[in-house]
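Student: here is a sequence together with a model predicted from it:
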There are 4 protein chains.
Amino acid sequence: MCRLLAYLGQPIPLEDLIFAPEHSLVTQSYQPKELEVALLNADGFGLGWHHPDDRTVDPFVYRNVLPIWNDANLPHLCRYIKARSFVSNIRSATPGLPLDFSNCQPFRHGQLLFVHNGYIDQFRQTLYRPMRDLIGDAAYQNIYGLTDSEHIFALITHLMEANPQLLLHHALEKAIDMIQSLANDYGVRVSGVIIMGDGQKLVAARFDNQAKAPSFYMLRQPEGIILASEPLFDGNWQPVAQAHSLAVSMSDLTPHIYGFSHVS
Amino acid sequence: MCRLLAYLGQPIPLEDLIFAPEHSLVTQSYQPKELEVALLNADGFGLGWHHPDDRTVDPFVYRNVLPIWNDANLPHLCRYIKARSFVSNIRSATPGLPLDFSNCQPFRHGQLLFVHNGYIDQFRQTLYRPMRDLIGDAAYQNIYGLTDSEHIFALITHLMEANPQLLLHHALEKAIDMIQSLANDYGVRVSGVIIMGDGQKLVAARFDNQAKAPSFYMLRQPEGIILASEPLFDGNWQPVAQAHSLAVSMSDLTPHIYGFSHVS
Amino acid sequence: MCRLLAYLGQPIPLEDLIFAPEHSLVTQSYQPKELEVALLNADGFGLGWHHPDDRTVDPFVYRNVLPIWNDANLPHLCRYIKARSFVSNIRSATPGLPLDFSNCQPFRHGQLLFVHNGYIDQFRQTLYRPMRDLIGDAAYQNIYGLTDSEHIFALITHLMEANPQLLLHHALEKAIDMIQSLANDYGVRVSGVIIMGDGQKLVAARFDNQAKAPSFYMLRQPEGIILASEPLFDGNWQPVAQAHSLAVSMSDLTPHIYGFSHVS
Amino acid sequence: MCRLLAYLGQPIPLEDLIFAPEHSLVTQSYQPKELEVALLNADGFGLGWHHPDDRTVDPFVYRNVLPIWNDANLPHLCRYIKARSFVSNIRSATPGLPLDFSNCQPFRHGQLLFVHNGYIDQFRQTLYRPMRDLIGDAAYQNIYGLTDSEHIFALITHLMEANPQLLLHHALEKAIDMIQSLANDYGVRVSGVIIMGDGQKLVAARFDNQAKAPSFYMLRQPEGIILASEPLFDGNWQPVAQAHSLAVSMSDLTPHIYGFSHVS
């Protein structure tokens, strides 16, 4: 399990999200409130952001295997970096999985950034190989680690490469549907929250094929929208319902919520 | 604040202390029970041990800035290493102090290993420079980091170099006395537990010039004695009283407890 | 490319191989003499060893992503650790591959330790997926990184699981044969040296399907045999011929050299 | 010994200096051309820069103990970050000194960034303690590591705090003068290049009390001035003479060169 945080809106310095709030991402690392499976999110972290002004350049990723509170560079970077589109993850590693840099999120593919909180139960013994077999060579060769998260992202990018007309949130729903079907075949639980951003929109989903999905909230503000595993401060945070996806674009910053059609 | 653990007795594999107990040092890292000032001990760690058979060689030190649970080499090392004399520390860094390797304990000087749990309040603004000024060149040049802990150790080794007849636990008491006097002059609190081992004995102290010192226990077993910030498992753990020191030697494994003569 | 070093014989402290020789493994890291493709071997390193006395316990592995000369724990560990069977690797990472801990060697499977020096050209675009498809689930799930090296080892362990009667050096030759065939199909070069140890013997091979394989030497001494990419000191080091394998067992410490039957 | 690089002028992305040139800072790390005392500059690195637009905010520092070529975040950061004033250092650690983060440069004090290439011979045994004794409490408490470099910087900031009227390049010359005097008393060599930047100007010096100082060049370009230990590419790089200092301000980007008055 992990904690996620994302933003879309007017460019803001990252410190406004990472450090400044009362229940900031740094605080959620050592003292999360709604984490159910683990105690901490201290097994590395990562940030991904799109340039505040230039929409032509690739997004940027910064990752580290240290606990987020122990990265002495991060306060400097978060003072310097401004983003209009931002995703982040603080990791609580599945026991047995290495602390490798390559297992830290976000993962990136072209303009697309991906973060995931959750798990596929007994992934290496169940869906690991079947999911890899579903994936085309391009997405396959873009896998650098061995987390379930990265394989979910590879399936999504595979679906989009196979059908370039596919909307991002349809690709996300379709991938979750395929994974939940496979998981049901193996009788294992798949549970999580996913957020993706391409610089122009954020797309997210909250799902679980057996029980309650991890917590997930959104907050609409005049200058932008925040998505988060846990509220960062007091405010009108609205839970996103389970088995629903969400899409919000830069043009109007209005979230659209969709029930999964085929999914439990 | 940190958590300490030490052992003296028949050679045992380190995993028996670090990993195996119900409330092992690894568990105390992410879920301590009696830590009062901080929430975790996840800012690095270190082990020091004397060779199980060969008493002529220098002791060995292993340190890392990662949380102890994330060191993938440690289970291998703790399966392999056996020690008759062992000290360890899991660090909870004072806010503002760097995660540097050189700030991880144990510190070493010849056969002597040192670990410390506690703090000198506002150390850099108060006792840092006066303590350095007390120390002779040899001990001064052996300082590699900037923790209060390392400066306490330097003062102890300075006292022993100045008076080679001094017993180790007298040097420890004298250093604590000097530091508490200085701290009283500056009106700041000094609080802690110190354990030192030279391969033939362990010496420890628990002290605070203003309030309650950190927790500290000992457990006598037939094959050896364990000193620890928190009991590792159910058993007849005895608290060491505040303002007392303790010395135990390999020859009889019987702890001797001394009240501080001059100290609050 | 990397540099390899292995030992089989009477138990010796690791510092005799890692630090003490004039052209030690540490020196080969920053100043190799026979490295042809890269300039340095400074992208992490690893050691694996079998217990000097107890033949029932699993071997031990120690790895780090730092350059070997910058691991401040290593001198302590190499003073402490004694081994009768030892393999090591200092890494020169293929450009584009992550510095991940999981990509550092040795790799381990049961009693077996594996190190590899060399490359499969354009591995991710050519043999990566076909090699994975050859491998059974057990070996597949034991892959944690994405180097060509780890996939070669997975193929070897797969062959041994499929045929438990197979001698270790036959499994090695067969795997190299399969990989060279695949490489020839793709028109890419595969070049390398492999060393494996199970505590009772060392098995090695030197191969290249297109040109000259990396350097590889052995030195017989009364107390043991050393295999190395580069001689550690002046002595009667004998080059191992290309397209040959080598096996040496603890019982007589006499190397047996075999020409590859089917291999270029 | 280390390699230095600095820039002052129109805002440019850092990748233009760190990665793009033929003999970039990254290349100088593994294949320096004019390094005389060491072979590599692979013991960590650091960058410091002033905001391209906002002159009121503190400068930014990014440091890492890995070799610069192995920092997977750096290409992203150097694509993103733009600076009008920039200093950097790739470290070749003095043998025996720890790899600590706190020993990586640049060092910072208010708006001032500092990098240093060179050494004070036998620093810990000679000038370490005398230099600390010269320094007032504020600068003293700002020392986090134990390099000679950081102590030189502390002496400079001490001189400026003691005399706020002092020009930056006079403070630099005065500090070098004091250090060379002390070094002459102890009969040890002090040799180096220092660059400092406060966002409005760069100030540098090249000095040695016994022999030839490390290489140091400048290149004037229409959009800015580059100072470097080694030329980054073909061009009209001019050596800075030994026992000379240099000052260049943002207003005219014209370097002024001064001979040391009192210095050998």
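Tutor: Sure, I can see it.
Student: any idea how far apart the tips of stretch A:124-143 sit?
Tutor: Stretch A:124-143 has its terminal residues 15 Å apart, counting by Cα to Cα, to the nearest Å.
Student: that stretch near chain C anywhere?
Tutor: Yes - contact of stretch A:124-143 with chain C (Cβ under 8 Å from any Cβ of the partner chain) involves A:124-125, A:128-129, A:132, A:137, A:140-141, A:143. Every C-beta, even on glycine, is put in place using the N, C-alpha and C of the backbone.
Student: buried stuff in that stretch?
Tutor: A:124, A:126-129, A:131-132, A:134-135, A:139-143 (16 or more other Cβ atoms under 10 Å in any protein chain shown).
Student: closest to chain B out of the residues of stretch A:124-143 next to chain C?
Tutor: Nearest to chain B among those is residue A:124, at 16.6 Å by Cβ to the nearest Cβ.
Student: so the closest one sits in a helix?
Tutor: Yes - counting by DSSP: H, G, I helix; E, B strand; the rest coil, residue A:124 is located in a helix.
Student: what sits against it?
Tutor: Residue A:124 sits next to A:146, C:141 when contact means Cβ atoms under 8 Å, 6 or more residues apart in numbering or on different chains.
Student: tell me the confidence at it?
Tutor: What the model reports for residue A:124 is a pLDDT of 92.
Student: over to residue A:95?
Tutor: Looking at residue A:95, its pLDDT is 82.
Student: number of residues surrounding it?
Tutor: If you count neighbours by other Cβ atoms under 10 Å in any protein chain shown, residue A:95 ends up with 7.
Student: ok, now how distant is it from residue B:69?
Tutor: As for residue A:95, its distance to residue B:69 is 9 Å (criterion: Cβ to Cβ, to the nearest Å).
Student: same question for residue A:254.
Tutor: 43 Å.
Student: who has more neighbours, those two?
Tutor: Using other Cβ under 10 Å, the more surrounded residue of residue A:254 and residue B:69 is residue B:69, with 22 against 10.
Student: so the more buried one touches residue B:29, yeah?
Tutor: Yes - counting by Cβ atoms under 8 Å, residue B:29 is a contact partner of residue B:69 at 5.9 Å.
Student: quick one, what contacts the residue in the stretch 1-150 of chain A positioned nearest to chain C?
Tutor: For the stretch 1-150 of chain A, the residue closest to chain C is residue A:100, as judged by Cβ to the nearest Cβ, at 3.9 Å. When contacts are counted by Cβ under 8 Å, 6+ apart, residue A:100 touches A:65, A:145, C:98, C:100-103, C:144-145.
Student: tell me the secondary structure at the residue of the stretch 151-264 of chain A found nearest chain D.
Tutor: Using Cβ to the nearest Cβ, the point where the stretch 151-264 of chain A gets nearest to chain D is residue A:199, with a distance of 13.8 Å. Of the three states, residue A:199 takes coil under three-state DSSP.
Student: once you drop chain neighbours, what's closest to it?
Tutor: Spatially, and ignoring its direct neighbours in sequence, residue A:199 is nearest to residue A:50 (3.8 Å; Cβ to Cβ, 6 or more residues apart in numbering or on different chains).
Student: ok, and what's touching stretch A:17-27?
Tutor: A:3, A:5, A:7, A:33, A:45, A:47, A:68-69, A:74-75, A:78, A:86, A:88, A:90, A:226, A:230-234.
Student: and the residue nearest the centre of chain A?
Tutor: In chain A, the C-alpha nearest the mean C-alpha coordinate belongs to residue A:115, at 2.1 Å (Cα atoms, centre = their mean).
Student: that one looks like it's in a helix, true?
Tutor: No - counting by three-state DSSP, residue A:115 is not part of a helix but strand.
Student: I figured it hits residue A:6, correct?
Tutor: Yes - checked against Cβ under 8 Å, the pair residue A:115 and residue A:6 is within contact range at 7.2 Å.
Student: which residues are common contacts for the two?
Tutor: A:87-88, A:195.
Student: which one (most neighbours) among the residues you listed?
Tutor: In terms of neighbours by other Cβ under 10 Å, those top out with residue A:87 at 29 neighbours.
Student: and residue A:89, which of the three is it?
Tutor: Residue A:89 ends up strand, using three-state DSSP.
Student: what's across from it in the sheet?
Tutor: Applying DSSP bridges to residue A:89 gives these bridge partners: residue A:4, residue A:46.
Student: before we move on, what about residue A:228?
Tutor: On the basis of DSSP bridges, residue A:228 is bridged to residue A:5, residue A:217.
Student: stretch A:112-123 near chain D anywhere?
Tutor: No - Stretch A:112-123 does not reach chain D (Cβ under 8 Å from any Cβ); its nearest approach is 11.8 Å.
Student: show me which residues of chain A sit near chain B.
Tutor: Counting by Cβ under 8 Å from any Cβ, chain A sits next to chain B at A:30-31, A:39-40, A:42-43, A:65-67, A:70, A:72, A:93, A:98-99.
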